[in-house]
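> Structure, please.
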Amino acid sequence: MTAPRLDPGTLMFATAVLGFLTAGFSFTTVKALSDTHQGVEEWGWAMITLGAAFLLWFLTPATSGFFFLGNVLVVLTGLFLLRAFFQLTGKPLSQTNGIAILLLGISGIAATYYLGAPRSLAVVTIAASHLAMVMASSWQLLRSPACLHSTYRKVIVVVLLLLGSATSARIWIVLFGQGAAMVSPVASSTAQVLTTSTAALLIVAGSFGYFGILGEQQRQLLLENARRDALTKLYTRGAFFEMAEKLLAGRHSPYSVLMIDLDNFKNINDTYGHVAGDAVIRQAASLIIQSIRDGDIAGRYGGEELCVLLPKCGSHAARVIAERIVSGAAKQVIYLSDGQSITYTTSLGLSTYEPSEDSTSRPPKLEDLLSSADAALYNAKKLGRNQVQAAP
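From the prediction side, this is the model:
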């Protein structure tokens, strides 16, 4: 009894339909996203070119010019996939690398169809461009913080590894096996059926992983936006305390807090209006973000009062950051739409917890350290504003 075999033509047609359906879903998803995600568009174009390539191979004989176009389309698929994966991880693919991979794939096709080179050259260069895509995409996904803990990432990497294995097998068959005819898109060989099946798996499982990661990123973005103050984009007071307490829990390393207040802010509102006052607060918040370190937490404590947590930061390093904020604010000029300009200054209170080497006592609560920084802030105002004062 003969074992059942997949019909190559039916498999090609089914893969083409899957590609077009997934492309439609991709472009529909772009419209539903709060911010246009370029990677989804790239994924959609990858599915269109892949579906079009298989449809052309299904409809036209190997001697047709459209068969040549199918090869070009499948090279473009690899490029679009690579761009989509890089966009997903937040680091767009460089134009130079993209052009290099595109030329690698198309060079063998052009040499075969226009210069009479062996067909094996086209197969090898197309496969080489896809291998480059697989390796670069896998590396980018594995090292990206944006996808680091995602289960969906594992799905994509497994699919890419299967695609890489199938592509490597094609190169082996062409160079050391039965030749290019065995891996032609219309061939009924086991190798070609496996390749087409892997392409279908890429469409289904790859899309599942890709949109799974995208969904996780969108949920994280919504959560992050909910924790941010709408005006300043700093953390809200509640989010600040929540994050700070998690960061400090169980630690006995030094840390500092800053309390920052805009000097004479009521006069700014009364003189220039509340819209101008909002512009000053936004500018001050932006300056703070630029002045602190990665890993520090800045929040809007209330009104025009802002706060910063500096983990693993002693009094000397904290004063350097504090002075940077105060001196930077004094240099700012905010230009209003009516041609007027505003300058402002800040007062800053600083408080630090620095455990001694032999200390076994518990560190102070964050609220207590903020209270002492707040007292230092009002001392700075009493002494003339536009300065830093540290708590005793």
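> contacts, neighbours, all on C-alpha from now
OK.
> Which positions within stretch 321-331 qualify as buried?
Residues I321, A322, E323, R324, I325, V326, G328, A329 are the ones in stretch 321-331 that count as buried (16 or more other CA atoms under 10 Å).
> where does the residue lying closest to A23 once chain neighbours are set aside land on pLDDT?
Leaving out its chain neighbours, the residue that sits closest to A23 by CA to CA, 6 or more residues apart in numbering is G44, at 4.2 Å. We have a pLDDT of 95 for G44.
> So G44: helix, strand or coil?
Following DSSP: H, G, I helix; E, B strand; the rest coil, G44 is assigned to helix.
> and it, how many neighbours does it have?
By other CA atoms under 10 Å, 29 other residues sit near G44.
> tell me the contacts of it?
Applying CA atoms under 8 Å, 6 or more residues apart in numbering, we find G44 in contact with T22, A23, G24, F25, S26, F27.
> The last one sits in which helix or strand?
This means F27. F27 belongs to helix 8-32 when assigned by DSSP states H and E.
> which residues are in contact with that helix?
Contacts for helix 8-32 (CA under 8 Å, 6+ apart): 36-37, 40-41, 43-48, 50-55, 57-58, 186-188, 193, 196-197, 199-200, 203-204, 207.
> can you check stretch 97-111 too?
Stretch 97-111 is contacted from outside by 68, 71-72, 75-76, 79, 83, 117, 121-130, 132-133, using CA under 8 Å, 6+ apart.
> For the buried ones among these, write the corresponding ChimeraX selection.
The buried residues among the contacts of stretch 97-111 can be selected in ChimeraX (16+ other CA under 10 Å) with this line:
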select :68,71,72,75,76,79,83,121,122,123,124,125,126,127,128,129,130,132,133
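> Out of the contacts of stretch 97-111, name the ones that lie in helices.
The helices, defined by DSSP state H, take in 68, 71-72, 75-76, 79, 83, 121-130, 132-133 from these.
> Y378 - nearest residue in space that isn't next to it in sequence?
For Y378, the spatially nearest residue (CA to CA, 6+ apart) is G349, at 7.5 Å.
> Need phi/psi at that neighbour.
When read as degrees, to the nearest 10, the backbone of G349 gives phi -110, psi 140.
> Hmm, it is touching A390, no?
Yes: taking CA atoms under 8 Å as the definition, G349 is a contact partner of A390 at 5.7 Å.
> Mutual contacts of these two, please.
The contact lists of G349 and A390 share A373, A376, where a contact means CA under 8 Å, 6+ apart.
> Quickly note the distance from the most centrally placed residue in the chain to I213.
For the chain, G90 is the residue whose C-alpha lies nearest the centre (CA atoms, centre = their mean; 2.8 Å). Noted for G90: a distance of 12 Å to I213, by CA to CA, to the nearest Å.
> Same question for A181.
The gap separating A181 from I213 is 38 Å, by CA to CA.
> ok, now S341?
Applying CA to CA, the value for S341 to I213 is 45 Å.
> Over to K233?
25 Å.
> Over to Y378?
Taken as CA to CA, the span from Y378 to I213 is 47 Å.
> so where does Q178 fall, helix or strand?
Here Q178 is assigned to no helix or strand, by DSSP H and E.
> ok, how many other residues are close to it?
Using other CA under 10 Å, Q178 has 11 other residues around it.
> likewise G303?
Around G303 there are 10 residues (other CA under 10 Å).
> Likewise for A52?
Neighbourhood size, A52 [other CA under 10 Å]: 23.
> Am I right that it is in contact with N71?
No: A52 lies out of contact with N71 (CA under 8 Å); the separation is 10.2 Å.
> what does stretch 371-390 rub up against?
257-261, 263, 319, 322-323, 326, 330, 345-351, 391.
> ok now it, how far from the chain's centre?
Relative to the chain's own centre, stretch 371-390 is displaced by 40 Å; criterion: CA atoms, centre = their mean, to the nearest Å.
> Also stretch 161-175?
30 Å.
> sorry, back to before: who are the contact partners of the residue nearest to Y378?
G349 touches 258-260, 373-380, 388-391, counting by CA under 8 Å, 6+ apart.
> gap between it and N264?
Distance of G349 to N264, computed by CA to CA: 16 Å.
> again, but for A52
Counting by CA to CA - A52 and N264 are separated by 66 Å.
> Please parse this protein into its domains.
As recorded under automatic domain parsing, the domains making up the chain are 8-226, 237-390.
> which one of those has the lowest average pLDDT?
When I compare the domains of the chain, domain 8-226 is least confident, with a mean of 88.
> how long is that domain from one end to the other?
The first residue of domain 8-226 is 51 Å away from its last residue (CA to CA).
> ok, now stretch 224-232?
Separation of the first and last residues of stretch 224-232 by CA to CA is 14 Å.
> Which positions within that stretch qualify as buried?
Buried residues in stretch 224-232, counted by 16+ other CA under 10 Å: R227, R228, T232.
> cool, and stretch 82-102?
If you call a residue buried by 16+ other CA under 10 Å, then stretch 82-102 has these buried ones: L82, R83, A84, F85, F86, Q87, L88, T89, L93, G98, I101, L102.
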